[in-house]
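> Build me a structure from this.
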Amino acid sequence: QVQLVESGGRSVQPGGSLRLSCVTSARTFSTYTMGWFRQAPGKEREFVAAIRWRDGGTLYADSVNGRFTISRDNVKNTISLQMNSLKPEDTAAYYCAARYGLPSSGWQQYDYWGQGTQVTVSS
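I've put the predicted structure just below:
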C-alpha cells in the first residue's frame with residue numbers, strides 16, 4: 001500500500017514563500033510521476049506541478065510557472081513544492097499524488113493521494 005504524507009501548509013502573507021513536502025512510503029518509485037494538485041472550496045481540483053521520479057522531468061500549470069518549483073529527493077523518498085510570490089488565489093488544500101508513467105495534468109490519472117495540507121494566503 002502506497003502512502004503519501006504532505007506537510008508544510010500554513011498561513012502566509014501575499015508575496016511570501018512556503019515549502020511543501022510529501023513523503024512517500026514506497027521503496028521504489030523510479031517509474032512513477034509525482035504531482036501536486038490543489039483544491040479551493042467550491043472549486044474543482046486543479047493541477048499545480050508534476051515531476052517524473054526517474055529523470056526529474058517536470059510539468060507546471062501556467063498559473064504557477066515561474067513562481068513554484070517542484071523537486072525530488074531520491075534518498076529521502078520526498079518531493080517538495082517551493083512556492084514563491086504567493087497570491088491570495090493560491091489559497092487551497094494542496095495534495096500530493098502519484099501515478100505510473102509520464103507527467104500528466106489530469107487528476108483522474110493519478111492512483112495514489114495524500115490527505116492534503118492547507119495553504120492560506122491572506123494579509
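
> The most centrally placed residue in the chain: what secondary structure?
The centroid of the chain falls nearest to Trp36 when counting by Cα atoms, centre = their mean (2.3 Å). Under the three-state scheme (DSSP: H, G, I helix; E, B strand; the rest coil), Trp36 adopts strand.

> Please, which helix or strand holds the residue lying closest to Leu59 once chain neighbours are set aside?
Of all residues not flanking Leu59 in the chain, Pro103 sits nearest, at 4.0 Å (Cβ to Cβ, 6 or more residues apart in numbering). C-beta: built from backbone N, CA, C; applies to glycine. Taking DSSP states H and E as the definition, Pro103 sits outside all helices and strands.

> Likewise for Ile51?
Assigned by DSSP H and E, Ile51 belongs to strand 46-52.

> Show me what that strand is packed up against.
Strand 46-52 sits against strand 32-39, strand 58-60, strand 68-73, strand 78-83, with contacts defined as 3 or more Cβ pairs under 8 Å, 6 or more residues apart in numbering; DSSP states H and E.

> can we see that at 10 Å?
Secondary-structure packing of strand 46-52 (3 or more Cβ pairs under 10 Å, 6 or more residues apart in numbering; DSSP states H and E): strand 32-39, strand 58-60, strand 68-73, strand 78-83, strand 92-100.

> from memory Gln39 sits against Trp113, does it?
No. Using Cβ atoms under 10 Å as the test, Gln39 is too far from Trp113 to be in contact (11.1 Å).

> what sits in contact with each of those two?
By Cβ atoms under 10 Å, 6 or more residues apart in numbering, Gln39 and Trp113 have these common neighbours: 45, 95, 107.
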